[in-house]
Each structure stands twice: as C-alpha cells, then as structure tokens.
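# got a predicted model here, sequence first, then my questions.
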Amino acid sequence: MKPLRLVPVFAFFLLAALVGLHAAAPAATPVAATPATTATPGVVKSVFAQMPDGSDIEAYTLTNKKGLTAKVITLGAIVAELNVPDKSGAFVNVVKAVPANAAQAARGQTAAVQGRVANRIAGARFTLDGKDYILEVNNAPNTLHSGSAAIAQLNWKAEPPKPADGARITLTCVSPDGSGGFPGTMTISVTYTLTDENALTLDYRATTDKPSIVNLTNHAYFNLAGSGPIGAHELVLNADRYTEFDAVKIPTGVFKPVAGTPLDFTKGAPLSAYAAQRNNAGYDDNFVINHAKENDGVLTFAARVTDPTSGRVMEVWTTEPGVQLYTSGLTAPVVASSTPPDAPAVTAAPAQLPPAAPGLPPGPGGPGVAGGPGRRGGGRGGFGGNQAGFFALETQHHPDSIHHENFPSTVLRPGSTFTSRTEFRFSLVAK
C-alpha cells in the first residue's frame, strides 16, 4: 500500500501560492461579481435549530466586502446558504436549501462534509496492516459515505471566530475509534473562508491515533440559477480520464479516456448535452483531474460551470486527485443551445490546462452508466421548496481507493496529518 500523500502546513500554503507555476486558469472571460455597495467582512453567530438532545445547532454567517454571504451550520459542517449575485446584481442562494428539522438536515441532499471516507468502499470491508475491518452496508453490497456513522451526522464544534480573520470559521468533530467499523479516533476539521475575491475556500485537516483511512469531500448540490432545471448549465472538466466502474459503482482500477464518450466535457458542453445517451439518467461518475504531475497535491483547476441565463460562473480548484460529478434534473431540454445531444456545444476552453498524467493501459468496457443502487435520490425538494435540478462536483480521492494500489492512497497513520484544499470561485460572464 502506498503511503497517503502528506503535506506539511507551511508547504501546503506555499504550494497554493505557487499554483500559477503548475496550472493555468481557464480562459479569462469571467469578471468579478461585484455589487454596488461595500459590506463589512466578518462572521455573525446565530442558532439554526436544535439537536434531538436539545443542544444548539449553531449557524455562522460569513460576509465578504462585496456582499457575498455563506451560512455554515455546525450540524455536518453544512453550507446552508451561499448567496451570489447575478449579472444584474441580484443575490440568490446557489446551494440546496437545508431542512430546519435536525433529523433530516444531515441526511438530505445538502452541502455537508462527508467522511470519514466519502464515496464507496467495496463489499463494506477493507484490510489494513493485515487486519480486517467490517463496515456498515448502506449501499448494498457496499458502504457509501461511511454509513450512519458519517461525520455529516455529527454536530461539529466551532472555534470562536476572530475579527482579525474576517469571514472565516473553523469547525471540528471527533469520530471515535470503531465508529462505523473504522479504526482509530479521528479528529477532523474544516475551515471555511469567504474571500474578498468571491471564493469559498475549504481547508480540511485530519489526524488519527491508529492506522486508518480518510477521504473527505463537501457534498454541495448547486444550481447557479437558484432553482429550475440545470440542463443549460455549461460544464468544462479538466479531466481526460475517468475511473471505470462496475454494475454497483465500484471502480475496476482502470483509468479510461473520456474522449468519444458522454463523459467528455474537456471542451465544454451543456450538462444535458449527452442526456439522451445516458437514458436521461444524468451522472454519477468519478473523473481523474489533470494535474501537472500525478498526485502532486497542488491546487489545480478542476471544473467550470456557467449558467448562461444568470451569468453566474463557478470554478472549482482543488488539491484532490479526483472529482465526482453528480446531476439530477437533466431531462429538460437545453434552452441555450440547439446542438444535438450527441455532439457537445463547445464553449471557451481553458487556455493552458496542465498536461494529462500518463494513462494506464486501456481495460474492457465503456463509460459507466449513471445511477446505481441507493444513490442519493432525485431532484425534488429544491432550493427553497421548489422542484429543481442540481449538480455536485465532489472533490476527493477516487472511490474505493483502499482496494486499488494504483490509486492515490487514503491511508492515514498516527503522527501524520491529512490536509486538502478546495476552492469554489464565483464570477460573472463578461458582457
């Protein structure tokens, strides 16, 4: 088993600062989403709801100087609101609304932090250092997002915000030894920062007192229009390959090229461009991000999504090796393009994306079909009660990495620290 890539804290931020030397941003068409007034950056605390035991679920509203706001709650470290302006300056929440009922909030389709191990583990079991660990089967025959012991179910503890930090909050939880069948007491934190450049930055950190595994992601469901279908949202993915998977969504271990498949968004296409080829089922697929060097841990451009109607643009940058694309609500026709579904419309491609890492030998089979047993459900419930489509871009290590020697390792050992960063950068289409 290859050791988990560990990045010391000082080196992590140095690498982030030097990212321009390793990866170029997409074509510079967006402009800053700037409202007419200037806000005072900071954090405001409130009470969102109560847990079944009567304890408070705290809410922290982050505001940057341009008026963007992000409300983060302690239950599941969920991003409950993310209010972003459109091309006319009107703000709307672009993440799926959170139910006020605590019993439903962390189990719904919300922007919670998933772990200890996000995505699937084959057969709901794994072996580490010669010892077998049995997990909960909640996505038969596999474990998905660590089952009922997921950290999304916990009420995290917030560090008191410091005025000097501006729009920043750190939440921490402790997953006990044996929780969900996983070994070791694991301490996990995520720091949310809403920058004055209109980016929501997520910095993850994890330690353990026994050898264990970790794979963290934020499960945000986005709709850049705020509500309604997302078929016309245009997606660019900086991923030339995907992880082929079997009938129960477990990777075969083969990285396959997206070229010539409904998974090819390298040049940009509406999300519904290939819906007909996937029986209108949408996507639930893991992509291998093109890093300048295999598994380098450098902050890299992963994806860009544009809503042509509102003009909102969201870029995803991450140090993670993969990104899971999940969609719902793609059966609506694409209103912004007349391109046939089997020939994607081409939008402005990234100017100089990093070269793809060397490919592995091709394996049998084609691109995986969408769906699969027990996946997260359909697109009802909406952003404020309305039926809506949504998409998720879950930056993470590849699914079931513990069973694949050729995947970046998810093993974490005592004395080591797992760190990871993802940024959601918001802007507007140039007029």
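It's in.

# contacts, neighbours, all on C-alpha from now
OK.

# please name the nearest non-neighbouring residue to residue 419.
residue 205 (4.6 Å; CA to CA, 6 or more residues apart in numbering).

# run a quick neighbour tally on that neighbour.
As a burial measure, residue 205 scores 17 neighbours (other CA atoms under 10 Å).

# in this structure it contacts residue 192, no?
No - counting by CA atoms under 8 Å, residue 205 sits too far from residue 192 to count as a contact (12.0 Å).

# so what sits against both of these two?
Residues touching both residue 205 and residue 192 (CA atoms under 8 Å, 6 or more residues apart in numbering): there are none.

# please report how far the residue lying closest to residue 246 once chain neighbours are set aside lies from residue 406.
Nearest non-adjacent residue to residue 246, counting by CA to CA, 6+ apart: residue 252, 6.5 Å away. Distance, residue 252 to residue 406, using CA to CA, to the nearest Å: 11 Å.

# so what does the helix or strand containing residue 314 touch, helix or strand wise?
Taking DSSP states H and E as the criterion, residue 314 maps to strand 312-318. Strand 312-318 sits against strand 300-306, strand 418-429, with contacts defined as 3 or more CA pairs under 8 Å, 6 or more residues apart in numbering; DSSP states H and E.

# one step back: for residue 274, see how far away the residue nearest to residue 419 is.
Remark: distance between residue 205 and residue 274 (CA to CA) = 37 Å.

# repeat for residue 314
Residue 314 is 21 Å from residue 274, where distance means CA to CA.

# contacting residues for the nearest residue to residue 417 once chain neighbours are set aside?
Distances taken as CA to CA, 6+ apart place residue 207 nearest to residue 417, at 5.1 Å, with adjacent residues excluded. By CA under 8 Å, 6+ apart, the contact list for residue 207 reads 186-188, 412-418.

# quick one: strands adjacent to whichever strand or helix holds residue 207?
Using DSSP H and E, residue 207 maps to strand 199-208. In the sheet, strand 199-208 lines up against strand 186-194 (antiparallel), strand 418-429 (antiparallel) (DSSP bridges).

# could you pull out the strands for the stretch 251-400 of the chain?
Using DSSP state E, counting those that start in this stretch, the strands of the stretch 251-400 of the chain run over 251-257, 269-270, 284-288, 300-306, 312-318, 322-328, 390-396.

# neighbouring strands for the fifth one, and are they parallel or not?
As defined by DSSP bridges, the strand partners of strand 312-318 come to strand 300-306 (antiparallel), strand 418-429 (antiparallel).

# nearest to residue 179, of those strands?
Smallest distance to residue 179 across the strands paired with strand 312-318 (CA to CA): 18.9 Å, for strand 418-429.

# so where's this protein shaky on pLDDT?
The model of the chain has pLDDT under 70 over residues 1-37, 102-109, 280, 331-388, 431.

# helices along that one, start to end?
Here the chain has its helices, by DSSP state H, at 9-17, 102-105.

# residues contacting residue 311?
So residue 311 contacts 86-87, 428-429 (CA under 8 Å, 6+ apart).

# so for residue 93, which of the strands paired with strand 312-318 sits nearest?
If we rank the strands paired with strand 312-318 by CA to CA, the stretch that ends up nearest is strand 418-429, at 12.6 Å.

# the closest one relative to strand 390-396, how many degrees between them?
Strand 418-429 runs at 140 degrees relative to strand 390-396, counting by axes from the mean of the first three to the mean of the last three CA atoms, to 10 degrees.
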